[in-house]
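S.K.: let me see the structure of the following:
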Amino acid sequence: MPSVPTAAPSADPQPKPPRQPPAADRVYAHVKHRILDRSYAGGTLLTEGEVADEVGVSRTPVREAMLRLEVEGLLKLYPKKGVLVLPVSAQEIEDVVETRLLVEQHAARKAVPASPALLTRLEELIAEHARRAESGDYEGAAASDRCFHAEIVRSGGNEILSRLYDQLRDRQLRMGVAVMYAHPDRTTKNLHEHREILAALRAGDAAAAVDVVERHVSWFHTLARGEVR
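M.R.: Purely as a prediction, here's the structure:
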């Protein structure tokens, strides 16, 4: 009986290129990154056309992205004029510092006794913060700084507090980058105080951890008294 010929194996299809995010999401990420890394400084007036050309999209997704960023407090839209990048204000710093102190001091108390996993993660973030600061990556260093505090807040297991703290993320990042540019020597002090917080948590000394958190966070008040407008 003659054998039935078998079909030759088909060639593997070419892998499809990764799908790009929607245009509005690309614009949103592009503009937000430039605000946070200070490429768009506070007080800069942008136009939809300029941003559309930078990202390579039409003006419609630019408008959508700008509305999202306005809701987050990073931009102010002026019809027929443009979009203003809002500067960090003294009042914003005051509000953020007050909220951070309420949340972070409570979190420091709850973090004791600290788990080995938390202590290891905090060590990693301190090392990452130092590496990024040394390389001049102030945006990355500010992100590592914020993550250090966020890990302590999350360790308490209170999802409502964690979400509240996360809502401050972008404001904290922008302030942190501004501080590092204006006061590059502050990075060394920040790292020292992070190590003090870690040492207090490792020792199980909640009172000491709370004291360092207060000293560490309250320093931003010096900016609110006039160094940042």
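S.K.: domain ranges for this protein?
M.R.: Segmentation of the chain into domains, based on automatic domain parsing, reads 23-85, 90-227.
S.K.: in CSV, list those along with mean pLDDT.
M.R.: Converted to CSV, these look like this (pLDDT from 0 to 100):
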stretch, mean pLDDT
domain 23-85, 91
domain 90-227, 88
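S.K.: got CSV for those domains, with mean neighbour count too?
M.R.: The C-beta positions use only the backbone N, C-alpha and C, and glycine is treated the same way. Formatted as CSV, those follow (neighbours: other CB atoms under 10 Å):
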stretch, mean neighbour count
domain 23-85, 17
domain 90-227, 17
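S.K.: I'd assumed Glu193 was in contact with Arg215.
M.R.: Yes: under the criterion of CB atoms under 8 Å, Arg215 makes contact with Glu193 at 6.9 Å.
S.K.: please enumerate the strands of the chain.
M.R.: 45-46, 75-78, 82-85 (DSSP state E).
S.K.: out of the ones you listed, which is closest to Ile93?
M.R.: Of all the strands of the chain, it is strand 82-85 that lies closest to Ile93, at 16.8 Å by CB to CB.
S.K.: thinking again about what came up before, save the strands of the chain as TSV, and put in distance to Gln167 too.
M.R.: Output for these, formatted as TSV (distance: least, CB to CB, whole Å):
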stretch	distance to Gln167
strand 45-46	24
strand 75-78	17
strand 82-85	20
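S.K.: and the longest helix for this structure?
M.R.: Scanning the chain for the longest helix, with DSSP state H as the assignment, gives helix 90-110.
S.K.: give me the distance from that one to the chain's centre.
M.R.: Averaging C-alpha positions (CA atoms, centre = their mean, to the nearest Å) puts helix 90-110 16 Å from its chain's average.
S.K.: could you do stretch 165-178 as well?
M.R.: On CA atoms, centre = their mean, the centre of stretch 165-178 falls 5 Å from that of its chain.
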